[in-house]
Each structure stands twice: as C-alpha cells, then as structure tokens.
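Chemist: Got a sequence here, can you model it:
(5 chains, ligands or ions: 5)
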Amino acid sequence: MSVSSPPAPSARLTARERRTRFWQMVQLMPIMAILVLLFGGALVLAILQSLGFAPWFGVNTFPDFSYFGALWGSSTFWASLGLTLYYATVSTVLALILGILLALALVKTFPSKTFYKYLYKLPLMIPYTVGIALAVLMLSNGGMLSRLAAFFGMIDDPSQFPQILKTHYGWGIIAVYVWKQTPFITLAVYAVLLGIGRETEEAAAILGASRRTIFFRVTLPQILPGVVSSTLICFAFNVGAFEAPFILGGGFPDTLPVVAWRYFNDADYTLQLQGMATVVSIGLVAGVILFGYLAAYRRYERRMGRN
Amino acid sequence: MTKVQLNAVRKQFGAFVAIENIDLDIESGELVALLGPSGCGKTTTLRMIAGLERPSGGAILFDGKDVSEQPVQDRNVGMVFQRYALFPHMTVEKNVAFGLSVRGTPRDEIGERLEEILDVVQLTQFRHRFPAQLSGGQMQRVAIARTLITKPSVLMMDEPLANLDTKLRGEMRRFIRDLQQRFGITTIFVTHDQVEAMELADRVAVIFNGHLAQYDAPAKLYQQPANLDVADFMGASNIVPGRMKSHELVETAIGEIRVASRAGFDSGKDVQVMLRGEAIDLLTSQPARGGVAGRVVARDFFGASVNYNIDCGTHQITVSEQARRLVDVGTPVWLSIDPERVWLL
Amino acid sequence: MTKVQLNAVRKQFGAFVAIENIDLDIESGELVALLGPSGCGKTTTLRMIAGLERPSGGAILFDGKDVSEQPVQDRNVGMVFQRYALFPHMTVEKNVAFGLSVRGTPRDEIGERLEEILDVVQLTQFRHRFPAQLSGGQMQRVAIARTLITKPSVLMMDEPLANLDTKLRGEMRRFIRDLQQRFGITTIFVTHDQVEAMELADRVAVIFNGHLAQYDAPAKLYQQPANLDVADFMGASNIVPGRMKSHELVETAIGEIRVASRAGFDSGKDVQVMLRGEAIDLLTSQPARGGVAGRVVARDFFGASVNYNIDCGTHQITVSEQARRLVDVGTPVWLSIDPERVWLL
Amino acid sequence: DTAQFREAFLAGEVDWAAVEAQAKDEGSVNLYYWGGSDLLNVWMDRVVAPALESQGVELNPVRITSTKDAVDLVLAEQNSGASEGSVDMIWLNGENFATLKRQDALFGSFAPLLPNAANLEWNPEDERSVLNLRDFGVETGGAEIPWSGEQYVCAYNADRVAAEDVPSTFEALRSYLEENPGKFTYIKPPHYIGNTFVQEAIYAHNPDGTGAEPFQQSSDQIPAAELARLITPGMEYLRDLEPLLLDAAGGSPRYPEDNAALDGLFLNGEVDFSCTFGLYAVATGLATGSYPEAAQQFIFPEGHMIKNKNYLAIPVNAPHPAASLVLANWMTSVEAQASKLQQTGMPSGIDSWKLDEAGAKAIAEASPGLVGVEQDALDANAAPDTNATLVDVIEATWLEYIERDSSDPIETIVARAYENLAK
Amino acid sequence: MAKKFNIALSSRLSPFQKFYLLVIAGFILGPFIPLIIQSFAFRWAWPDLLPGTWWLEQREKAMAPLAWDYVLSPYSRVWEATVNTVFIGTIVTVICLAICLPAARVLAREKFRGKSAFEFFLSLPLIVPEAAIGIALLMMFIRLGLAGSYVGIILAHLIPTIPYMVRMLTAVYQGLGRDFEEQAMILGASRWQVLRLVTLPMLLPGVVAGALFTFLVSTNIFLLTFFLGQGQIVTLPTLLFSKIAGGTLDASAAGITLIVTLPGIILLIISERFIKEEAFGKGFGN
Ligand SMILES: Nc1ncnc2c1ncn2[C@@H]1O[C@H](COP(=O)(O)OP(=O)(O)OP(=O)(O)O)[C@@H](O)[C@H]1O
Ligand SMILES: Nc1ncnc2c1ncn2[C@@H]1O[C@H](COP(=O)(O)OP(=O)(O)OP(=O)(O)O)[C@@H](O)[C@H]1O
Ligand SMILES: NCCCCNCCCN
Ligand SMILES: [Mg+2]
Ligand SMILES: [Mg+2]
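Modeler: Residues are numbered from 1 along each chain as shown, chains lettered A, B, ... in the order given. Ligands and ions are numbered 1, 2, ... in the order given. Predicted coordinates:
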C-alpha cells in the first residue's frame, strides 16, 4: 500500500508527515501481516495446488487446468454446487425473516423481555456442532418428533416418519443453520433498530402510513445495512461449512465442502489436488455471489444517496 | 381549523406521573406555545394530542369530539419532530410526498401539491437531495413541508428551532408564523425558549413538572406572571421582597416603591416586587421625588441595548436601556420606576 | 498572562485553504472572541494556537516566542471544547483533577486546588456525580474548572455556550467573564453568535472564509462595521443604497437622510446607508423637519423590546423600541434618524 | 539421533535393555489412533498409559477421526525434509499401510525383533501366519505388528426378525428385503466397513465360484478386464439391492457414514440387521446399551465372512523410536491383549497357539463372548481380505457404479480406476 | 377502534408476536429436553418416549464408565477440551484486541491511499470459507512446525476473528471523536496516559462487543481447529464433532454436547450485563 502526501509547503513538514505515515503503517502492520501472510498465503497456495503445483506430493504440472476441467466438466459438480447454494440460500433467507421478526418483537416492551434477551443469544454462544446434535435428536427418523408421532399413534415404524435429515431437501441442515443464525441476524438488526430509534416510524404513522407501509417503506430501508452485512456473513458461512451437510446431508451428491472433505480423506492421494480445486471453486463461488450481492447493494445505496 | 381541548389529561409512566390533570383549550386557528424547562412534560403532551401516547386519564377533544380512541393515522394531525425525523433514505421530494402517497392520492395531484409546497418552503431546487445533504434550516423546512402537504387540521411542532443558529432561527420563526397565518392551521409548538414562545405564539402555556402554571398571551405572561416560578422562568431579573405600606406603596430593602393599587394587595401584606429592567429609567441626577439610589457596578453591551447592574445596597438591580448613551461603571445613579409597570406577586 | 500573536498564519488541508494569512495580536489578559459563520475557520485557528493543528505557514508567538515546535502538552494552554468533552467514565472530581494527576502533582496539592476550584464554579456538592448526571450548565462549569485548575496561561473556548438555553447561556456568560477577570487569563473564545461575542469580548475578530474581516471592540464593530458582510453578519437590519448629495446628506429611495460628515464620503459617491433599528425613533405625528414617512406593517413583541416593520415604499425598515408603548399595526408613522448614528459603507 | 538408532536397531545391534533405556530418555510416545470408541479411549488412558508410565514413558494418545489424517501428517512431515515428525505410532491397516509403504514412510522391519514377537506366528510355512505377514494382501515385512484380530459379523434384532427369516446368503437377504423393504443398509464405502461388505458380496457372486481367491493378487497381477469380469455379478447384485435399502422408498437409499450411525439405526429398529467388524460387537453393544436387547449374531454370508487383523505401525520419522518399540512390545503382551479384550471387546491380535497355557487361558477368560453363534462356525465361514490395490479399484467402482449410478459399463469404470491408480 | 390504536404504534406485542416468541422459545430450547434425557439414558430405543433403561440402573454392572461417568472422567477429554477452548479463545481475543486497536484507530481517523482496498481485503476472510484455506494452511504449518501446536491454532483463529474485531472497534472509534484524547493531551497527559486513562475506558462497550464476538467465533471454529489441531489439540467443537460425526448420539455424546454448551451459557450470563447491543449494531451497520 502506498502512502500519499499532499503538496507540502516545506521539507520539515514532509518529514513530519512521513513520520505520521510511518506510524500509521506500524499500527496497521500486525493485522496486515496475519492477513497477507497467513490468509493470503494459504489462498495462493490453495490456488497453486489446484493448478497442479504440489512438489511435496511429487506433482508439479503447473499450470495445469485439468483438475478444474475434470471438476467443472462433471455434472456432479454442478449438482453439488446447486445443493450447496440451495442450502445456503434457503437457510439464510429463513434466518433473515425469522431474525427480523424477532428483532421487531424485541424492541417492544413486554414482561419477559429480559429472559428473551438471554434466550435468543443462546445459540449464538454455542458451536454449530451442538445444533447438529440437537437436530439429530429431534428430527431423525428415530428422533423425538418421530417418537411423539408414534406415541400419538400416527406412525408405527420409524420409516413412516417423514424424512427430515439425510435428504437432499436438506431440512436438517437448514434447521441447524436457521437455529444458529437467526440469533446472529436478530442481534445485528436489533442493534441497528435501537440505533435508528422510533421517530421516523412515528412520523410515518402521523402522515397516515399503515403498519405494513411503515415497515416496508420506512423501517426496512433503514435497517438494510445491518441486514446486508449479517446475511452476507451467514451466507458465506453456509456456503463453506462442512459439518452440518456432512452429518445431516442426504449423501451423494454432497455439498461442495463435503465433496472436498471426501477428496482430502480418500486414501487415494491423486484426489488431493482435486480437493484443492474443489475448495478453490467454493471460494470462487462465494466470492462471485457475494460481490454480485454487494455490487447490487452498493448501487442501491448510491441510488439512496448514501456515500 | 380544529379546536383542540385537553380535559384533565393525565399521563403516567409506570409510577412516575409525567402530566398531572392538564386543562387546555386551543382555539381553531390559534398558535399556542408549550413552554417549560426540560423534562416538564411538553413532548409528552404533544404526543398525546397526536395519538402517539395514550393518556392515562382525561379526554382529548377535537372540535368537541373525543379522539382518545382514534389511531394516529386517522387524526389528521401533523407533527414536526424535534430532530425532524426525516426519512434518511428518501429524497426531499419523496419525504414530502410520503404522506400523500401512502394515502393513495393520485400521482397528478401529488405532483401539483408537491410543486406548490416546495415553492412555499423554497426547496424546489433541492428536491432531489437526501436529508444528509441538507443544512439544518433546509431539513427543518422539509419537515414542515412534509407535514403541511397533508393539510393537517392540527399542526404540532416539537422544539422546531432548537438546533438552529440565531440568524436561521429568526428566519424560521418568521416563516412559521407566515405559513400558520396563511393556512389558519391550529398550531401547537413546544419550546423551552421563552423569547421564542413570546415571539411566535398567540398564547403560551407554561408547564412546570407536569402542571400547567399559566396559560396566557405573551405580553401578559411577561408583565404579569402568575407566580414566582413563572416570573423567574420568563427572565424577570429583579425581584425584591417587601411589605405593602399602603395600597400604592411598598416598603423594600432598596427603598420605597410606588405601585398601582391592585385588589388583594392591601397594607401590611408581604409581597414580592417584580421590576422589569426596561421598566426602570436610569437617572444620573437625583429626581425630585422618589428614586432609588445606587451605583453602576457592571455594564453589558448587547449592541441594540445595554444592561447595567446597579448596586442598591442589599440588592443588585439590572436595568436595561436602549444603547444610545452609555453610563460608565462607578457612576452614582437613581432609578425611576413607573408604578404602572411594577408587578406584585 | 501571556500575549499571543499570530503572524501571517495559514492553514491548508490538502488543496483546501482553511486559513489565509491571519494576523492577530491578543494582549495579555485580554478576552478575544473569534466570530464568524459556520466553516469560516474559527475552530481551526483555535486548534493551531493550542498546538492540535500545525500551521502550514506563518508563526504563532507566545510572549514573543515562537511555539511552533512546542507539543500540545508543553504549551500550558487550556481549552474548553465545544461539546465539553468531559470524560464520561470519571466523576466531576476526577475530571477536574485529571490535568493535575497526569502531571504527577502531589495528592495534597491536588486536593487543595480541587476544593478551591470546585468552590469557585460552585460544584462542590456535585463532585461525585458523573457527567451524565449533570445539567448542561453544570457540565459547562466542569469543563471550565478542569481547564482552569491547570492554571493555563492561555484559555481557549470553542463555542462554549452553543448548547445551552437562553437563561443558562446568560448565566454562563457572566460567570466566564467574572472568572477571566479574576484570574486575568488571556482568553480566546469561538462563537458564531454575535450577541455573545459582543457581550463577552474585549475585542472581536470577525472571520469570513479564512480571512480576518475586522478586529475591533464590540461597540465599534456593531456601529461601524468595516464592510457590508460584517454589517450583515452583525445583524444590521436596515441597509439602504443611496448617493451622497453633500457631506451631510444622502439621497435614498426612502427619502433624504442626514448624516455626520466623514472623510472619503464626498458628494456624488454611491454609498450604503446603515440604519440600526434602535437608532431610529418612531413618531406618530409628522416631525417639523426631515423624517421618513411609513406605515407599521408588523409588530414583534420580545418582552423587553418591540420590533416594528415599517413600510417606507420601496423598503421595509425595522425599528426597535423599548416595550413601553405599543404602536398598532397599520398606524402611519415617521422615522426620526439621529445623524450621528447613521453609518456609511 | 533417531535415524542412527533406527538403523542400529533394525540391524539387531541394540539389545532390548538399551531400547528400554533409550525409551526412558525419550520420555514419551505419540500414538495416533481412531478415537471414536469410548471404551478404547478409556482403556488407553486407564491401562496403557500407566503401563508405559511404569517403564518411564509417557503415553500421548492422540485421538483422530480418520486414520488418513495421521498418514497425511507423516507424509507431509517427511516431505518437508525434517528428519523428525510428530507421529510415533499409528493404528492402521489395509490401504493406509499400503500408502505408507509405497511412500517409504515406514520405520522398517521392527516387529519380529520385539521380545513379544514370540506371541505371534511368523513362520510363512504355517498358513495361520498369513494375517501377520500380509495386510490386505500387502506384505507387512514386519513394518507393522498385529494388534487386534477381527471378523465381519452381522447381527439381527430377534424382537423384529423371526429366527427362521434370518438370511444366511445374499439371495436370502434380498428375499427378506423384498418382504421387508428398507430394513437393511450397509456403511458407505470408502469406509472400510462398507468396503468389506462390498467385498463379501463380490466374493459370494464370483462368477468362477472361487470366492476370495482371485482377489488376493495385486492389481499388477490381475488385468483390469479380468477384475471387471470377476466383480460384475457382485456389483450388479448391490445395484439391484439399492431399491430395497433404507429410505430407498423416499428416493435415494441411505448409507450410514460409520458404525455408530448404523448401530443407532439398528437400536431404533430402522434396520433389522447390522453388519460390522466386531466379533464381540453384540456383547459389548449390549453392555453399553447401544444394541437392542434382543440382538443376536448370525452367520452371513456363508463362507465369506472376512477375517483380518489390524496393526500398529511406526513411521520412519517417528520422533521417539525407542519408546514406540516399547509401546509396540507392550501392546502385544498377553496382559495388554487380555485387558483390551475384556474392557473394549476388541479381539486379541496375538496368536493363542503361541502362548503358554496361562496366557491362552487369560485371553479366553477375558472374552465377552459370542451371542448366538459359535466360534467354530465363524472359523468355518472365514474369508480373507481383498488385496489393498484392488480395494481402491473396487471402492472407486462402487462410487461410480452404485453411488453415482454411472451408465458406463463396469469394465470401463474399472479400466479408468486402473489408470488413475497408475498416476 | 381501540384495538387498532394499540396495534398501530403501541410498544406492546401484537398477538402474533406473542405467539411467535413462544415458538422461538420452543425452537431454541425445545431440543435440549431430549438431549438432557439422552445423557442419562443407558438404552433408549424408538419408540420409547423415555429411556427403557437408565444409566443409573446399569452403572454398577458397566465394564467401563458410561454416560456421565465417562463424560466427567478424564478419559472423555472434556476438561482438556474446555481448557483448550477457553485458553485459545482468550489468547486469540487478547491478541486480536491488541493488534486491532491501533489498526481500528487508523482506519477510523486517518485517510490514506489504498484505504478502501485495504478495508475490502479486511473483510475477505468473512466471505472466503474456512474450507478454502484450511488444508493449504495446514501444509504451511506442517512445514513451519506449527501444526498441532497452540501457536498454530491461535494464529489461524486470528484470520476469521480480525474482521469482526476491526469492524466493531472502528465503529466505536468513529463514534468516539478526537475531542477526548485532545482534551487529555491539552491537560498534559502523555500518549500512554491518554490511552490508559481516556481512550480504553471510553471504548469499553466496543471493546466488550468485539472481544465477546472474537471469543465466540474462536470457540466456535471447527474446521480450522480440526485441520490444524491434528488431533493433538482438542477443543470443544472438535471433540463433539468426533462424537457425533456418524449422525447418532449416545449418552456420553449427549453429555458432552451439554458440557459444550456450558461455557457459552456462562459467558452469556456474565456478559449480558456488560453488553450494549448498540455496539454490535455499529459493527454491522456496514
Ligand atoms: N417512556 C417514558 N417512560 C418513563 N418516563 C418518561 C417516558 N417518557 C417521558 N418520561 C418522563 O416524563 C417527563 C416528561 O418528559 P417529556 O419528554 O414530555 O419532557 P419535555 O418537557 O419534552 O422535556 P425536554 O425539553 O427535555 O424535551 C420526563 O421527566 C421524562 O423523564
Ligand atoms: N481536517 C480537515 N480536512 C479538510 N478540511 C478541513 C479539516 N478541518 C477543517 N476543514 C475545513 O476548514 C474549514 C474551517 O473549519 P473550522 O472547523 O475551523 O470551521 P469553524 O469556523 O469552526 O466552523 P463551525 O462554526 O461550523 O464550527 C471548513 O470549511 C472545514 O470544512
Ligand atoms: N465463522 C463465521 C461464522 C459466521 C456466521 N455466524 C455467526 C455466528 C458467530 N458465532
Ligand atoms: Mg421534549
Ligand atoms: Mg468549529
């Protein structure tokens, strides 16, 4: 990163300014180092490997696009991609809707509010794996809901219970993401809601707007920044997460991270680079979609006159 | 064009009583100011009239009809919020048109009324700007236009000028009064600035601690405050305790002061004598009769006027004069007090 | 007790010139106001004097010594920020003692000076409160005490009263002037309110757009502004263009006006005639000689004074009077103008 | 240093006392093992660690979820050029051993040099030595030492299946499933338990009727086309079975990821049978509550019940070679094997005929016992593993042909797998 | 009419919202009921609503510790994993705070060329999945000898946490304004005194929010820890993953799941009082 210096009236000032710039750099240095060396380095390494540069496995055919070719050329990749995006999108949208509804309820005053302010943050505080465990216990064919159905005489064999986990509809995965991420989005939206206050809503009411109109035309546009950044984070996580689709997914075709995992775990080492091509593809997909989303959002923001 | 009445209106937040039995009649087309110190309940009163807050007791009548059960949206009131509450994501135009467009007013009509109102508030050239791109005074005008375009029958403004500088504040006062008079809208505005209240309002309601302390025309309020609190809040500079010697004479620590006789103020009664700085003439030579003696101890030059602090022994008296001649600090002076303009409390 | 000089001080932010060659001499113990519209460079000037901003050119001298190289911590200046910048996590006491305790002043001495200063600003009983628990005026006093306790040789205040209501503002002005005089501290304060500048300052520096427009005593500034901009900013209500008919007579659209003769204003010269509202007497009958005829079109009652708008044909003239008698709107009047108090530009 | 020690030891120049002394110096040993069994984890901490402690070595039991992780680590560390890695010992068998061997990442032929090597049959003349000398058909060369012996056994839930309905052949299984669709599944290849089921199906459907025999050769010895011919009937059987498997009615059959998952299905009655490596799985499953109370073992598939061993291997870059040897030696002691059998249900890996009477008795007494089958019947129906190189091919074929439902003929798929393997 | 008024702008809940809140409570808390039961079960087969055999009935007969006996024994590694998780989370939080504070200050207050590019790069880790860098990072770390070490895991955890921390701190710095620091300087405070006496205490809500989030993200990370821990370093998410990877839960897995939720609950109870929700809003206000 280069530093700029406006036209300086005297040499003494430039020296002083240079000192300021230097201190700025020093302060930015540690996070730069971590992100450039570790994060950037790992990204570059992953890309290099997916292009055939892996001398430590005795492979060096760089640049070799055959791994991407093989990957993108197979229909199962696209099926996996479709599933990955499907799970990520549906759960993000559901979490978003539930989260906004919850945040809107939380700004109200009600007797058990303190309790709810603890309650809604609970899933935020505990790992995804816990959510997965809970899903297994509740939703599997041998799980609690199935047993309740049997108790009420609705089914008499676990196989009659509608399949929620281990299907390509991904209800289990979606349930876990929604369970875990609704609080996250709620927190972001609730915080933004507190920040904007209720005055504009009241002004709209006085001007004759109905509750619906107030929400869609006054409240929502104002909480949009919070909504956008929290959904971005959740969506990206959902695209890249492995545990839930691995444990709760419907098997072949798997989501891309699970495909990559299977490649990495296969005793067959030739699949390692294929795995790298897969993870790089995941990164690309997440990147492209999020950039698209962000660009659209920025355009919207500009239209709204912000920035 | 609506007569607004508050009958014994109360408001309680939990155990805290914010408004205690306020009665207030506002005539159709009148401009009333709610005046009082911070936290006295001005905003709360306004919000109850608007329907944003539900009274804990009493009734609010519009043209004699109880509106307690009417939702905000149906009261046809307008409100300009203290901090404008402009929609930050809408242009000036969209902000102003909002009230019409949510009512489903036809596009053409919205367009027409928009042109008209933007012209009145002189914002036509800023119509495509966003609130963040406007100055304080412009935002203020957007807020007013947004409210006026819906032709409310009652217009409310909550400290509409609190954030503006002196010059802009002056302009906006004039502007608001013009508009209000032009459309004849019943208007209630909230302020904690007595000068503003007096300049703008037909009548001023002074509220202390949720109680209505006085409700009168500005001149009356200024010259004949109902009690010491009001007097103090209205900026009465000189209040001297004394005792009536006769109907027309008060004995005070700074000397005897002649007053106009008034019912209820009989000989022997302990009173507070309120002397407005501009009701006192400063004489540099002892007058023939009466006149309180003192010495100038400080002089504040305000441009148009000068304030003198006169040491009269036990009390310092402030005297306000047109800035035509300047009396130096240290000069011995005599105060000549017009009996008609002394107020007893 | 320090004389402050600005010699051709400039300040540039990137390509933008915020301050253009300002020269300013502030005598030891003097109270100077920096006055000007928003964005003119007042704060920037103050920050350069404090050492928070480095001038792009010119020199700042304290008692004749260039302090350009001295860091903030060593200049022994005090500064009261516009929004007080009280440390919200410290009590009144901690806030006030901060400057001493970071210098490692012994506990005993801190204690003593704390008592003393809290007494002066009358905050002893609030010493254990946090800023959030104080009123505006109390916060203001904490900010001042926090600064004074370090015995700065130069005290700076940036719009210290901008957030206070009328009553409190009045009290604080008086308080600041008392303190400043008691300690004799060289004081510079920033304001955009001309009334405040005139009331408080020994001299006022008017800044427009980074230029020093005028630097004079308040009365001079008010009555004899250096140019139209200053006149306008100082709230001159009536400015009428005209042409000198003789040394002592100006021909204007509202009639002939008699003036005191002044060098440089010769017959035939085009001038602007500035008439202060309080320099005009309102007569309800035509005077013997001169007198501009008009009709009252508006009356604003301010309590202590009344403003009349007089329609004089092509111009409306504002006249300010003590509120002793009230002339009704519509009354025909004549303006009597004191030649000594007419200012030509 | 470690490399010198290795050479000296393999050359027989270091006597056991010296090994023990050096182990004390090294002080600790990092054992990487699949940590998915509570019972085994407890045993490691409760029995192995103190035993090593008494020899002056601290056991660092590293629980991993996939043996491949440890192999990866060894290879990556080996490739980074450092002489010492971080893995001292890995519990493994089959393909993972083959990988390490192929990459020259093994310590060398240490097993026969251990004092407790006496508990194992090394004589190639003796047929019973085969599982000590060959692992998935790959010669162990003494670079790994047997730790447990296992056999692939199925169990049924007697509350849900009548004894006469219990299948003993693949055909009977299909008939059962036609009556009771969805009540069976097997673990998903490439998990080794799933692979094993596939291998048994292939053995049973060997068109030549030679069962496991041709699959003992490596891929070098058996041409792709030939292999394809041999496995086609088995693969076809599995493909035909798919619509009868768990959840197949809902669209796609469900294959559990590991045996914990299969146990769960079995316990809840979602499936009626559970097949896994586990001679004593039912006994231990009943003892831990993870099997239904009425679980019984049965002979299936007749004549093709794969039996094998699993091993402990030392990587070439083991940082604590002497301590590893001490650990390996202790693990093959009667004491270790008996307590392992008793506390975890894992069968003994040493050969009972090589033990003295007391030793043999200790092992026998430690056994949790078979449930519903006899040892003789198990022995009678035993079959060997498939060669590791063929496992890769069969696994790839299953993934292509069954999981991905490829329309390519098996021959093509196998040929492709051969090519990939050659890369 | 009266009803409509209440709905229009009241600060009270609508009937739908009341119902919704109950549903949410069920959704969040409901699954914990079978979890708790399972942790005490010995054998709990379908379709029983309660275990057929309880752990306590079998406790004496068991060949090894079962259920809570196992979970609470050292064999389960639960304690080790908890200590690791909290230790790593704490160190990551402290380091993250230490390196993000100065950077956030610069980002909030200064302008420099390339700033927007830098800010964009800063949020990349939020959108690039961990899976995409995990294996490559592992290879780097193996080479550096950092695989399976605390240092390695802590370094890796900094990647996804820095963006959160920087966002929150930058937001509060922007809200803070320079006034306070300048005032302190004018009053004679040194750089260090300014930081210690004024800046840090005033940044506290943002620091708390940022630290809490960093800690949460760190203690939630599975994949990076799993790859880089190499089984040597077990944290609560990796321990639990190993237990439930197959998709079933036995009693000890249920017990461990419960233990894994404990630190979060404790943290929630401790921190809720100090949390200012608005502080999060600033970080996500974009
Ligand atoms: N929602 C509420 N809950 C509790 N008390 C409240 C609430 N709203 C207002 N109050 C209290 O009621 C009193 C009146 O408040 P109100 O806002 O009407 O004051 P105000 O006169 O408008 O003051 P200001 O000039 O400061 O705006 C205050 O003491 C305030 O603290
Ligand atoms: N750091 C900066 N970078 C660029 N321009 C600046 C900077 N600081 C101030 N300015 C500009 O310099 C001019 C003078 O600013 P300054 O803050 O001194 O105004 P001011 O007179 O104090 O105004 P106000 O009354 O609104 O506080 C303004 O136009 C402002 O935009
Ligand atoms: N690792 C990033 C996770 C982002 C999605 N959810 C946020 C929850 C944080 N605990
Ligand atoms: Mg208010
Ligand atoms: Mg300023």
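
Chemist: Quick check: B:Glu27 touching B:Met1?
Modeler: No: using CB atoms under 8 Å, B:Glu27 is not in contact with B:Met1, being 10.6 Å away. Quick note: C-beta positions are derived from backbone N, CA and C, even for glycine.

Chemist: anything in contact with each of the two?
Modeler: Taking CB atoms under 8 Å, 6 or more residues apart in numbering or on different chains as the contact criterion, the residues that touch both B:Glu27 and B:Met1 are B:Thr186.

Chemist: which residues does residue 107 contact?
Modeler: All of this is about chain A. A:190, A:193-194, A:198, E:11.

Chemist: Hmm, no, I was thinking of chain D.
Modeler: Going by CB under 8 Å, 6+ apart, D:Phe107 touches D:6, D:143, D:313-316, D:318, D:321, D:324.

Chemist: Tell me the pLDDT of the one residue in the stretch 201-307 of chain A that gets nearest to chain E.
Modeler: Residue nearest to chain E within the stretch 201-307 of chain A: A:Gly240 (1.9 Å; CB to the nearest CB). The score at A:Gly240 is 86. That number is its pLDDT.

Chemist: just A:Ile214 next, same as before
Modeler: pLDDT for A:Ile214: 87.

Chemist: ok, it - how many residues close by?
Modeler: 22 (other CB atoms under 10 Å in any protein chain shown).

Chemist: Just give the closest residue to it, not the sequence neighbours.
Modeler: Take A:Ile214 and drop its neighbours on the chain: the residue closest to it by CB to CB, 6 or more residues apart in numbering or on different chains is A:Ala204, 4.7 Å away.

Chemist: The one you found reaches A:Val218, doesn't it?
Modeler: Yes: judged on CB under 8 Å, A:Ala204 makes contact with A:Val218 at a distance of 4.6 Å.

Chemist: what touches both of those two?
Modeler: Among the neighbours of A:Ala204, those also in contact with A:Val218 (CB under 8 Å, 6+ apart) are B:Phe87.

Chemist: Is residue 234 in a helix, a strand, or coil?
Modeler: Unless you meant another one, I'm taking chain A. Secondary structure for A:Cys234, judged by DSSP: H, G, I helix; E, B strand; the rest coil, is helix.

Chemist: Quick check: it touching A:Val90?
Modeler: No: look at A:Cys234 against A:Val90 with CB under 8 Å: they stay out of range, at 11.8 Å.

Chemist: Now do stretch A:252-259: distance to the chain's middle.
Modeler: Here stretch A:252-259 is found 17 Å from its chain centre; the criterion is CA atoms, centre = their mean, to the nearest Å.

Chemist: Buried residues, that stretch. List them.
Modeler: Judged by neighbour count using 16 or more other CB atoms under 10 Å in any protein chain shown, the buried positions of stretch A:252-259 are A:252-259.

Chemist: Surely D:Ala287 is in a strand?
Modeler: No: according to three-state DSSP, D:Ala287 belongs to no strand; its state is helix.

Chemist: low-scoring stretches of the chain, by residue?
Modeler: Picked chain A for this. Along chain A, segments meeting pLDDT under 70 span A:1-16, A:304-307.

Chemist: meant chain E actually
Modeler: Chain E contains residues with pLDDT under 70 at E:1-10, E:278-286.

Chemist: can you pull out the strands in it?
Modeler: Using DSSP state E, the strands of chain E run over residues E:41-43, E:53-54.

Chemist: Same check on chain D?
Modeler: Using DSSP E, the strands found in chain D span residues D:28-34, D:58-64, D:89-92, D:134-135, D:138-139, D:144-157, D:273-277, D:295-298, D:305-313, D:382-383.

Chemist: what pairs with the third one, and is each one parallel or antiparallel?
Modeler: Right, the one you point to is strand D:89-92. Pairing partners of strand D:89-92, with direction, according to DSSP bridges: strand D:28-34 (parallel), strand D:305-313 (antiparallel).

Chemist: Run through who's touching that strand.
Modeler: Contacts of strand D:89-92 from elsewhere in the structure, counted by CB under 8 Å, 6+ apart, are D:29-34, D:67, D:70-71, D:74, D:96, D:100, D:144, D:147, D:310-315, D:318, D:324, D:327-328.
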